[in-house]
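*Asks:* sequence and computational prediction follow.
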Amino acid sequence: MNKVGVIAVLACLPFVLVMGSIVYVVKIQPKKITVSRPPLGAAPTDQGLKKGYDLFTGKGCVYCHGPEGKGGTKNPNAMGGEVPSIKAENFTQEEFIEKLEVGVRHVDKAEASKAEPPLYMPSWKARLTHEEMGELYKYLSSFAPKKKDGDEW
């Protein structure tokens, strides 16, 4: 190797070492990604509600409808700007099950000229049995305001 070749190799050596170190560090130390999850709410102490809680949290209902079905997940351009709460007191069990089976594919827009809201509720008919839907209703009903003596409703 002639003198020019040796000088060229020596001149490139720092660059190669620096680039090699960067590649080594990037490969050895992967980027850490943290994903925050919404609170799931406290597990019920009543064993009769546990299956509904497990379904609500395990099937992902909680990620849109929030702990205890209170709603609050942002849904841009949806009326109200959020996924609504699931208040079991607003439905009979039959109506609730029908809503789960059919889903809510159309979410009303806040502004007609803007894009469709990205979140909607799919049909759960193929994913949940009637019994499981009933367990979900029972769990969500446990958050309904308690009736006082003398109340008709």
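*Replies:* Cool, the structure landed. Numbering: from 1, shown residues only.
*Asks:* list phi and psi for Glu89.
*Replies:* Torsion angles at Glu89 (phi, psi; degrees, to the nearest 10) stand at phi -70, psi -10.
*Asks:* ok, now which ones touch it?
*Replies:* Ser141, Ala144, Pro145 (Cβ atoms under 8 Å, 6 or more residues apart in numbering). All C-beta spots, glycine's among them, are computed from the backbone N, C-alpha and C.
*Asks:* give me the element the last one is part of.
*Replies:* Looking back up the chat, that one is Pro145. According to DSSP states H and E, Pro145 maps onto no helix or strand at all.
*Asks:* what pLDDT does the model give the residue nearest the centre of the chain?
*Replies:* The residue lying closest to the centre of the chain (Cα atoms, centre = their mean) is Tyr63, at 3.1 Å. With respect to pLDDT, Tyr63 scores 90.
*Asks:* that one: helix or strand, and which one exactly?
*Replies:* helix 61-65.
*Asks:* pLDDT below threshold where in the protein?
*Replies:* Counting by pLDDT under 70, the chain has low-confidence residues at 1, 4-39, 147-153.
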